[in-house]
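Trainee: structural data only, the sequence is not supplied:
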Ligand SMILES: Nc1ncnc2c1ncn2[C@@H]1O[C@H](COP(=O)(O)OP(=O)(O)OP(=O)(O)O)[C@@H](O)[C@H]1O
Ligand SMILES: O=C(O)C1=C[C@@H](O)[C@@H](O)[C@H](O)C1
Ligand SMILES: [Mg+2]
């Protein structure tokens, strides 16, 4: 069982993905982190030095590799869906969850962040609105499930994803023994 998470930068893919992997007892991978480990530098530095195209090549190779492997939760970079090959690969080889956040919500979370290269611009909120307009259709096209991230906490989002996966028959017995009083 391979679960991947897609969504805007700051939608919670890494945070939610890590907790989800614990709930499912499977390894967690974040394509951004795998790329940074291989490069030995931050994505931001690499972007500045080599440009976005070169980064996207690396990202596509890492996604192809990770989706060929064992069961895991895979959090993807916010721009992974830009390439058709990544969209196909993710959709065919994994159960894809779109963490759908509004640009305003992401802006509130990330306004002090300096590590997301695409947001280091004069008007990051406008940039997020542009990214959303361009990418929301691509995230939807890639995803099997759409989870709105508006109000819920990270653990509520994990519960919502687990319920969706159970409804779809991907996982069984989502309720923990303590919660599932029917069995006691
Ligand atoms: N549901 C949530 N409620 C409150 N804060 C959240 C929620 N989800 C994520 N966050 C916070 O928002 C910030 C961004 O989250 P995270 O790094 O997981 O996003 P991401 O989707 O992995 O971003 P990127 O695509 O840039 O890697 C973190 O500080 C995280 O703690
Ligand atoms: O939204 C994007 O295009 C990106 C998001 C990050 O996760 C990184 O993958 C990188 O900074 C590019
Ligand atoms: Mg992340």
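Mentor: Yes, it's here. Treat the numbers as computed from the prediction; the structure is a model and nothing was measured. Ligands and ions are numbered 1, 2, ... in the order given.

Trainee: what packs against the strand or helix carrying residue 53?
Mentor: Here residue 53, judged by DSSP states H and E, is contained in helix 52-66. Applying 3 or more C-beta pairs under 8 Å, 6 or more residues apart in numbering; DSSP states H and E, we find helix 52-66 packed against helix 31-39, helix 43-50, strand 72-75, helix 84-93. For glycine as for every other residue, the C-beta is placed from the backbone atoms N, C-alpha and C.

Trainee: pick out the shakiest of the ones you listed, pLDDT-wise.
Mentor: When the helices and strands packed on helix 52-66 are ranked by mean pLDDT, helix 43-50 comes last with a mean of 90.

Trainee: which elements pack onto that one?
Mentor: Packed against helix 43-50 by the contact rule (3+ C-beta pairs under 8 Å, 6+ apart) you find helix 31-39, helix 52-66.

Trainee: quick one: residue 78 and ligand 3, what's the gap?
Mentor: 7 Å (C-beta to the ion, to the nearest Å).

Trainee: name the SS class of the closest residue to that residue other than its chain neighbours, please.
Mentor: Among residues not flanking residue 78 along the chain, residue 9 sits closest, at 3.7 Å (C-beta to C-beta, 6 or more residues apart in numbering). Secondary structure assignment for residue 9 (DSSP: H, G, I helix; E, B strand; the rest coil): coil.

Trainee: give me the longest helix you can find in the chain.
Mentor: Ordering each helix of the chain by length in residues (DSSP state H) puts helix 124-142 first.

Trainee: number of nearby residues for the residue nearest to residue 78?
Mentor: The number of residues packed near residue 9 is 23, by other C-beta atoms under 10 Å.

Trainee: dump the helices and strands packed on helix 52-66 to JSON lines, plus distance to ligand 1.
Mentor: Shown next, in JSON lines, are the helices and strands packed on helix 52-66 (distance: least, C-beta to the nearest ligand atom, whole Å):
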{"stretch": "helix 31-39", "distance to ligand 1": "5"}
{"stretch": "helix 43-50", "distance to ligand 1": "9"}
{"stretch": "strand 72-75", "distance to ligand 1": "6"}
{"stretch": "helix 84-93", "distance to ligand 1": "14"}
